[in-house]
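# could you work out the structure for the sequence below:
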Amino acid sequence: MGLIRIFGKATNFLFGKLLLKNHVFVSDSLVYLQRERVMDLNYFDYVRLAALELVSYEIMKKDLRGNVAELGVYKGKFARYINQYFPGRKLYLFDTFAGFDKRDTDLEKRKQFSGGDQDFSDTSLELVLKQMPDPENCIPVKGFFPESARDIDDRFVFVSLDADLFEPLYKGLQFFYPKLAAGGYIFIHDFNNDAYKGARKAVEQFCQEQNISYLPIPDLGGSAIIMK
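Numbers count the residues shown, from 1 in each chain. Here you go, the predicted model:
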């Protein structure tokens, strides 16, 4: 066992309760995997990013055909890694690029899933595209979802749903799952985020209707993963 791993175990032993209280964990990861992996240590959600890298490898290894997408792009911090890990594929960027739409937040409040009052309007399409390593493969789809996707008929191998609220997440699953290639993945952010209870409800309702399963993962936002 290397010195770094010994240090990690000692840190957990000495400060484990304090770390757990603050939702911080020191752990080994993929110790026995020998292939080279590209990970950006500036992205402060290792589990989410590592899961994306792993599924991108599986999709590439299986030679799945299709493009990728994100619903709920905000400033493009996660979308940039989708763009990076899926080179040569079109990346659809679905967002209002102006924050939550009142039609979604009104429903969110009526169902008491969340207040829907976070302000995500401090972004722009121009700002997002500047984040992308391959902006020429990005297809921005600006507007209210799913109306904005009315004319889109494509096949997808990976989709990130990060729209926070019940209605766009549920509609996102309805839209993308039928278009998902066999062996493809959908990541749903905030599944285990108690500030956005509609995210869990959207996944549970959709999966029950379709008789399919999901896998929760312990990333920062408590994502769930659906594989077709």
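
# point out the other helices and strands that the strand ranked longest in the chain packs with.
In the chain, taking DSSP state E as the definition, the longest strand is strand 180-188. For strand 180-188, the packing partners by 3 or more C-beta pairs under 8 Å, 6 or more residues apart in numbering; DSSP states H and E come out as helix 46-61, strand 156-161, helix 166-176, helix 197-210, strand 224-227. Yep, even glycine has a C-beta here, placed from its N, CA and C like the rest.

# looking at those, which is closest to residue 79?
Nearest to residue 79 among those is strand 156-161; the distance by C-beta to C-beta comes to 7.4 Å.

# just the pLDDT at residue 37, thanks.
As predicted, residue 37 sits at a pLDDT of 94.

# the residue lying closest to it once chain neighbours are set aside and residue 159: what is the separation?
In space, and not counting its chain neighbours, residue 37 is closest to residue 53: 5.9 Å by C-beta to C-beta, 6 or more residues apart in numbering. Going from residue 53 to residue 159 by C-beta to C-beta, to the nearest Å gives 16 Å.

# the two: which is more packed in?
residue 159 (27 against 17; other C-beta atoms under 10 Å).

# let's have the helices and strands packed on strand 180-188 in CSV, adding distance to residue 118 and mean pLDDT.
Converted to CSV, these look like this (distance: least, C-beta to C-beta, whole Å; pLDDT from 0 to 100):
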stretch, distance to residue 118, mean pLDDT
helix 46-61, 19, 97
strand 156-161, 17, 98
helix 166-176, 14, 98
helix 197-210, 13, 98
strand 224-227, 20, 98
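
# and the residue positioned nearest the centre of the chain, what are its bridge partners?
Centroid-nearest residue in the chain, with C-alpha atoms, centre = their mean: residue 160, separated by 4.0 Å. Beta bridges link residue 160 to residue 70, residue 187 when assigned by DSSP bridges.

# and residue 141, by the same measure?
Bridge pairing for residue 141 - DSSP bridges - gives residue 94.

# quick check: the residue nearest to the centre of the chain touching residue 187?
Yes - contact criterion C-beta atoms under 8 Å: residue 160 and residue 187 qualify, at 4.8 Å.

# circling back: which of the helices and strands packed on strand 180-188 sits closest to residue 106?
Closest among these, using C-beta to C-beta: helix 166-176, at 9.5 Å.

# and the angle for that closest one with helix 197-210?
Between helix 166-176 and helix 197-210, the angle comes out at 40 degrees (axes from the mean of the first three to the mean of the last three C-alpha atoms, to 10 degrees).
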